[in-house]
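In: Could you work out the structure for the sequence below:
(chains A, B, C and D)
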2 protein chains.
Amino acid sequence: MQSVFEIIAEPNRRAILSLLVSSQQSVGEIERQLRMPQPTVSKHLRVLREAGFVESTVDAQRRLYQLKPEPFQEVNAWLAQFRRFWSAHLDALERHLDHMDPSTPKRATPTKSKPRRRRRGSNRERDKGETQ
Amino acid sequence: MQSVFEIIAEPNRRAILSLLVSSQQSVGEIERQLRMPQPTVSKHLRVLREAGFVESTVDAQRRLYQLKPEPFQEVNAWLAQFRRFWSAHLDALERHLDHMDPSTPKRATPTKSKPRRRRRGSNRERDKGETQ
DNA sequence: CACGTATATGCGCGTTGAAGTATATAAGGA
DNA sequence: TCCTTATATACTTCAACGCGCATATACGTG
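Out: All right, here's what the predicted structure looks like:
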């Protein structure tokens, strides 16, 4: 399990991550909210921790897990090279989003701007994470 | 193979996608540029096509593949819920990003993040679900 | 210390998916 | 028609992953 993409390929792990967006949670809380056996939760948390998606702090017998930003930024950085590409197709998005997987939230108002452009050759682009 | 995340979990597929950013390519061109056996390329393209990442147009015996935007938008929509979260940490990003590889053919950069320092504070806030 | 709670880990199993090799389909040209 | 090029598919390993189950470890409390 090397890349961040393999980490987030697992639905239960994405569920855990989504859960941690609101606030840090203990293993037991995750276990209950996601109705997942405890060993499963612990194993996924281990994977997430070793990949840098989460970190844990000790609270007595509990371990509180919370998100870490770097891996998400890494995904975002990869995605950035396609961002220019899809900007022109925001309309088609509206229809498509209704077929997507359950763990994905709805969005509010799409913002279409950004000039479209087609380039040859270099695809090196650095995106700082702003997508609005 | 259902979710877009499983699709992009495969390094060779990501390489193909990155290759198609610049312009559409035939199977043979992809094969040569990525030094990948042709059946491998075709199989990955099939997966990508069925997942809506690419579409092909016929040019005599060739098939030209080009990107389609929707799945990327889907990834972006999922990522959006974490965007607010990592925005505060843009500095750490800069350091982290230098460990990664923009377009990864075969197996290359594992991108292992080292144990990092602790963070404190809870982030109580509801999700707005912003999307591009 | 004994016991309950909280979390982590080890092991075996079943499934899945990627790769390799061979072959099939299709189109163009001699 | 035969041959070459271009792409797709079928079949067979092979390894990795997730899960269930049992157990280990750690902490708190009586």
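
In: Now do the buried residues in stretch A:33-51.
Out: A:34, A:36, A:41, A:44-45, A:47-49, A:51 (16 or more other CB atoms under 10 Å in any protein chain shown). Every C-beta, even on glycine, is put in place using the N, C-alpha and C of the backbone.

In: Residue A:63 belongs to a helix?
Out: No: counting by DSSP: H, G, I helix; E, B strand; the rest coil, residue A:63 is not part of a helix but strand.

In: so which strand or helix has the residue lying closest to it once chain neighbours are set aside?
Out: Spatially, and ignoring its direct neighbours in sequence, residue A:63 is nearest to residue A:56 (4.4 Å; CB to CB, 6 or more residues apart in numbering or on different chains). In the assignment (DSSP states H and E), residue A:56 maps to strand A:54-59.

In: circling back to that earlier point, just the buried residues of stretch A:33-51 now: which is nearest chain B?
Out: Nearest to chain B among the buried residues of stretch A:33-51: residue A:51, at 7.0 Å, using CB to the nearest CB.

In: List the contacts of the closest one.
Out: The contact partners of residue A:51, taken as CB atoms under 8 Å, 6 or more residues apart in numbering or on different chains, are A:1, A:4, A:7, A:71, B:113.

In: so which of those is the most crowded?
Out: In terms of neighbours by other CB atoms under 10 Å in any protein chain shown, the contacts of residue A:51 top out with residue A:71 at 25 neighbours.

In: which SS class is that residue?
Out: Classification of residue A:71 using three-state DSSP returns helix.

In: my read: it touches residue A:54, true?
Out: No: contact criterion CB atoms under 8 Å: residue A:71 and residue A:54 do not qualify, at 9.3 Å.

In: Run through the helices of chain A in chain order.
Out: Secondary structure of chain A by DSSP state H: the helices cover A:4-7, A:11-22, A:27-34, A:38-50, A:70-86, A:90-96.

In: on that earlier part again, what pairs with the strand holding residue A:56, parallel or antiparallel?
Out: Sheet pairing for strand A:54-59, assigned by DSSP bridges, gives strand A:62-67 (antiparallel).

In: ok, for residue A:82, nearest residue in space, not its chain neighbours?
Out: Spatial nearest neighbour of residue A:82, excluding adjacent residues (CB to CB, 6+ apart): residue B:72 at 4.6 Å.

In: which residues of chain A score low on pLDDT?
Out: Counting by pLDDT under 70, the ranges of chain A that qualify are A:88-132.

In: Could you show which parts of it are in contact with DNA strand D?
Out: For chain A, the contact set with DNA strand D under CB under 7 Å from any atom of the strand comprises A:1, A:6, A:9-10, A:12-13, A:37, A:39-40, A:43-44, A:47, A:60-61.

In: quick one on the thing from earlier: may I see the helices of chain A organised as CSV, with distance to residue B:26 added?
Out: Below are the helices of chain A laid out as CSV (distance: least, CB to CB, whole Å):
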stretch, distance to residue B:26
helix A:4-7, 26
helix A:11-22, 34
helix A:27-34, 44
helix A:38-50, 38
helix A:70-86, 19
helix A:90-96, 25
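
In: Spit out the contact partners of the closest residue to residue A:6 other than its chain neighbours.
Out: Of all residues not flanking residue A:6 in the chain, residue B:9 sits nearest, at 4.7 Å (CB to CB, 6+ apart). Residue B:9 makes contact with A:3, A:5-6, A:8-9, according to CB under 8 Å, 6+ apart.

In: please redo it, this time with the cut-off set to 7 Å
Out: Residues in contact with residue B:9 (CB atoms under 7 Å, 6 or more residues apart in numbering or on different chains) are A:5-6, A:9.

In: No further queries at this time; thank you.
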